[in-house]
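> Here is my input, please return the structure:
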Amino acid sequence: MENKEFFAALTDLVREKGISEEAFLETLKNALASAYKKQFDGGADIVVDIDAEAGTISFKALKYVVEEVTDKDKEISLEDAQELDPTHQVGDVIERVFVPKNFGRIAAQTAKQVILQKLHEAERDNTFSAFSDKEGELMVGTIRKIDERNVYVELGDKKIEGVMPPQDRVPTERYVVGDKIKVFVKRVKNSGKNSQIVVSRTAPGLVRKLFEEQVPEIAQGIVEIKEVAREAGHRTKIAIFSNDARVDAVGACVGNRGARVNAVVEELGGEKIDIILWDENPLAFIFKALSPATVNSVTIRGERSAMAVVPDDKLSLAIGRDGQNARLAARLTGWKIDVKSASSPEAMAAVAEAEAEAALEEEEEFEGEAQE
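Numbers count the residues shown, from 1 in each chain. You can find the predicted model right below:
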């Protein structure tokens, strides 16, 4: 079967759309073989060969040489095979080239389907490739669809679809089809039919990017976001540090009359945000991380484990509702934090131990001076 015009058009299409000609022809061969079997309901093994350079398509029926035939569509006896060629042996495969009758229309339809399929795949792959560098970025999208499980968001000029699964939705937010929404691109997965862009409204990265958007000093690298701990819809703690002693990191993030932080809070639907100054001293960092509570002291109790003592009337504030404040402080610092009131036996014992150690140090220092 010759169709040089078809192959010339195919070459142009491959060049224009960036489709792999080899992959396209392989798909077309399999599709033509499958279409033939469906049309003629034959049991023979069919192989299609395509010579794009010559512009030809050939069909071959395969038969396997066996001692005893059990499937006449696929097998031929050794005796019959040797009548065709005396050199045939059991296990050989005999190919018979044939031209299907009235198969032109089916071939054309199949080729069209394969072309459309490959075009769709190429456009999808090109689009996903363009999005590969968007992972970890903030994007504005439009909510296109909501089903029982996911929220689907159209992203970018090409309107590619991002998926927001349940764990990436904020419980306190209401999502409405047609609404504009800012999302964090959590993952770009390009793997054929399973390609997917996962977007999030709960990721700590969303808070990072919103502050970068509002605070030029962060975008410029003058103020650095060290850590973010978040319980989406309720509270976020963000630890920041200034790389320039002349720049107040907290002031930069808060903005004039709170304009910058308020813009982030508004985008997050009223989520509370604690801005904490990062400190390389872990005990000092824990002091600050338990904000807005006042902390009397912090002592190390083990490997990355500490006890924070707070005034009795600040205990509930330090722990927070359902333990949220202490939990976020622990995530922010990377330390296990046990919060105790000043009048608790543990805190009083710690104070007594600290006083005893201080007294011992003072006595040793006095003795050393006396000896001199």
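> alpha carbons only for contacts and neighbour counts from here, please
OK.
> Can you list the buried residues in stretch 72-90?
The neighbour-count check on stretch 72-90 (16 or more other C-alpha atoms under 10 Å) flags Lys74, Glu75, Ile76, Ser77, Leu78, Glu79, Ala81, His88, Gln89 as buried.
> what about Arg260, neighbour count?
Residues lying near Arg260 (other C-alpha atoms under 10 Å) number 19.
> That one contacts Glu213, doesn't it?
No - here Arg260 lies out of contact with Glu213, judged by C-alpha atoms under 8 Å, at a distance of 9.4 Å.
> Just grab the bridge partners of Val339 for me.
Ala308 (DSSP bridges).
> can I assume it is in contact with Ala318?
Yes - assessed by C-alpha under 8 Å, Val339 is found in contact with Ala318 at 7.4 Å.
> any common contacting residues for these two?
By C-alpha atoms under 8 Å, 6 or more residues apart in numbering, Val339 and Ala318 have these common neighbours: Val310, Ala326.
> And those two? Which one has more around it.
Ala318 (28 against 20).
> helix/strand/coil for that one?
When classified by DSSP: H, G, I helix; E, B strand; the rest coil, Ala318 comes out as helix.
> Can you give me every residue that contacts it?
Contacts of Ala318 (C-alpha under 8 Å, 6+ apart): Leu290, Ser291, Pro292, Ala293, Thr294, Val310, Asn325, Ala326, Val339.
> Of the residues you listed, which qualify as buried by neighbour count?
With burial judged by 16+ other C-alpha under 10 Å, the buried subset of the contacts of Ala318 is Leu290, Ser291, Ala293, Thr294, Val310, Asn325, Ala326, Val339.
> Could you list the low-pLDDT ranges of the stretch 251-372 of the chain?
Across the stretch 251-372 of the chain, residues meeting the criterion (pLDDT under 70) sit at 351, 354-372.
> and if you look at the stretch 101-250 of the chain?
Judged against pLDDT under 70, the low-scoring parts of the stretch 101-250 of the chain cover residues 102-108, 111, 115, 118-119, 122-123, 126-127, 130, 158, 190-195.
> Would you state the helices of it in chain order?
Taking DSSP state H, counting those that start in this stretch, the helices of the stretch 101-250 of the chain run over residues 104-131, 204-214, 216-219, 249-254.
> Need the residues that contact the second one.
Contacts of helix 204-214 with the rest of the structure, by C-alpha under 8 Å, 6+ apart, involve 136-138, 183-184, 200, 218-219, 225, 228-230, 253, 260-261, 263-264.
> Could you export that helix as CSV, CA atoms only?
Extracted in CSV, the C-alpha atoms of helix 204-214 (Å, rounded to 0.1, in the frame of the first residue of the first chain):
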residue,chain,number,x,y,z
PRO,A,204,4.3,26.0,54.3
GLY,A,205,5.8,27.0,50.9
LEU,A,206,2.7,29.0,50.2
VAL,A,207,3.4,31.3,53.2
ARG,A,208,7.0,31.6,52.1
LYS,A,209,6.1,32.7,48.6
LEU,A,210,3.4,35.1,49.8
PHE,A,211,5.9,36.9,52.1
GLU,A,212,8.4,36.9,49.2
GLU,A,213,5.7,38.6,47.1
GLN,A,214,4.9,41.2,49.8
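> Numbering from 26 from now on, please.
Renumbered: residue one is now 26, and that last one reads helix 229-239.
> of the contacts of Ala343, closest to Val272?
If you rank those by distance to Val272 using C-alpha to C-alpha, Ser316 comes first, at 21.6 Å.
> before we move on, back to that, nearest to Ala60 among the buried ones among the contacts of Ala343?
For the buried ones among the contacts of Ala343, the nearest to Ala60 is Asn350 (64.3 Å; C-alpha to C-alpha).
> Mind exporting the C-alpha coordinates of the host helix or strand of the closest one to PDB?
Using DSSP states H and E, Asn350 falls within helix 349-358. What follows is helix 349-358, C-alpha atoms only, in PDB (Å, rounded to 0.1, in the frame of the first residue of the first chain):
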ATOM      1  CA  GLN A 349      -1.200  24.300  68.900                       C
ATOM      2  CA  ASN A 350       1.200  27.000  70.000                       C
ATOM      3  CA  ALA A 351       3.700  24.600  71.700                       C
ATOM      4  CA  ARG A 352       3.300  22.200  68.800                       C
ATOM      5  CA  LEU A 353       4.200  24.800  66.200                       C
ATOM      6  CA  ALA A 354       7.100  26.100  68.300                       C
ATOM      7  CA  ALA A 355       8.500  22.500  68.400                       C
ATOM      8  CA  ARG A 356       8.200  22.200  64.600                       C
ATOM      9  CA  LEU A 357       9.700  25.600  64.000                       C
ATOM     10  CA  THR A 358      12.800  24.900  66.200                       C
END
